[in-house]
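S.K.: sequence first, then the predicted structure, then my questions.
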Amino acid sequence: MSGPALLVIAHGSRDPRHAATVHALTGLVRELRPGLRVETAYLDFNAPSVPGVLAALHASGVREVVALPLLLTRAFHAKADIPAVLAEATSRLPGLEVRVADVLGPDPLLHAALERRLWEAGLSLADRATTGVVLASAGSSDPEAIAAIAETAREWRLTGWCAVRPAFASAALPTTAEAVRALRAEGVRRVVVAPYVIAPGKLPDRIAAGAADADLLAPVLGAAPELAALILTRRDACAAAPRTALSA
């Protein structure tokens, strides 16, 4: 095995498309890094659980793990839920060292993945300068997460789009539909919605409903190669950093 094992921690969902998408993404990570042990766990709704996967890794002889939150911003799950479940699990597994990687956003690779999905949905590079984009996220009550999404929109706008506006499916405003209407009111010729979410589920479905008046709706990020590469980038940076482990 090449260095610490990678544990990708997803939120989980009752929607079966969520776990299927996460599985496809982690499968792509394995293809990009043969020899690296890659496991997936979920905070809720889906199996396996984080404690269950860590126990299995420990039983198989693994003593170093990089846990990667499959999240785009540092909101409650990254700040509280994941550290708590990791600390509780490692307290029962002597000798297991778990380091926590950064969340995925912000990063230019996410811009590339968003654009990949827009091109796949039918947009072309020639459309960029006359197209307004609604960057539609799941939403959060955490001000840091909201600010990070707004900054992602500002940075993406600098790559040549007519406009990029953030929108939220829950906990914050504007909604996707409101952002679409605002761009229309400003005279933007073409309005598209780019879901800033990794896997399908209830909130992505809400984004899709809010995109009814847009000219185009892109798919979720899913198993984009840019996302798989970013996961490995975060894992490698964490593995190479000075150790501040959650260990028993």
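M.R.: Received the coordinates, thanks.

S.K.: where does P219 sit, in terms of helix or strand?
M.R.: Under the criterion DSSP states H and E, no helix or strand holds P219.

S.K.: so what's it closest to, chain neighbours aside?
M.R.: R117 (5.1 Å; C-beta to C-beta, 6 or more residues apart in numbering). For glycine as for every other residue, the C-beta is placed from the backbone atoms N, C-alpha and C.

S.K.: go ahead and confirm that neighbour touches P225.
M.R.: No. Contact criterion C-beta atoms under 8 Å: R117 and P225 do not qualify, at 11.8 Å.

S.K.: common neighbours of these two, please.
M.R.: Common contact partners of R117 and P225 (C-beta atoms under 8 Å, 6 or more residues apart in numbering): none.

S.K.: how far away is C238 from V103?
M.R.: 11 Å (C-beta to C-beta, to the nearest Å).

S.K.: so between the two, which is more surrounded?
M.R.: Neighbour totals were compared for C238 and V103, and V103 leads with 22 against 19 (other C-beta atoms under 10 Å).

S.K.: next, the contact list for the closest residue in space to the more buried one that isn't next to it in sequence, please.
M.R.: Excluding its sequence neighbours, the residue lying closest to V103 (C-beta to C-beta, 6+ apart) is L71, at 4.5 Å. By C-beta under 8 Å, 6+ apart, the contact set of L71 is 11, 77-78, 103-105.

S.K.: between all of those, which two are separated the most?
M.R.: Taking C-beta to C-beta as the measure, the contacts of L71 span a maximum distance of 14.8 Å, between H11 and G105.

S.K.: ok, back up a step: mind putting the contacts of L71 into CSV with pLDDT, secondary structure and distance to I149?
M.R.: Below are these laid out as CSV (pLDDT from 0 to 100; DSSP: H, G, I helix; E, B strand; the rest coil; distance: C-beta to C-beta, whole Å):
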residue, pLDDT, secondary structure, distance to I149
H11, 95, coil, 17
H77, 85, helix, 15
A78, 91, helix, 14
V103, 97, coil, 12
L104, 97, coil, 12
G105, 95, coil, 8
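
S.K.: pull out the buried members of those residues.
M.R.: 11, 77-78, 103-105 (16 or more other C-beta atoms under 10 Å).

S.K.: which single one of those is nearest to C162?
M.R.: Using C-beta to C-beta, these come closest to C162 at G105, 22.6 Å.

S.K.: show the contacting residues for that closest one.
M.R.: For G105, the residues meeting the contact criterion (C-beta under 8 Å, 6+ apart) are 71-73, 148-149, 152.

S.K.: may I see the buried residues of stretch 77-86?
M.R.: Neighbour-count burial for stretch 77-86 [16+ other C-beta under 10 Å]: 77-78, 81-83, 85-86.

S.K.: let me have those residues in CSV, extended by distance to L43 and secondary structure.
M.R.: Putting the buried residues of stretch 77-86 into CSV (distance: C-beta to C-beta, whole Å; DSSP: H, G, I helix; E, B strand; the rest coil) gives the following:
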residue, distance to L43, secondary structure
H77, 7, helix
A78, 11, helix
D81, 6, helix
I82, 7, helix
P83, 12, helix
V85, 7, helix
L86, 11, helix
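
S.K.: great, nothing more from me.
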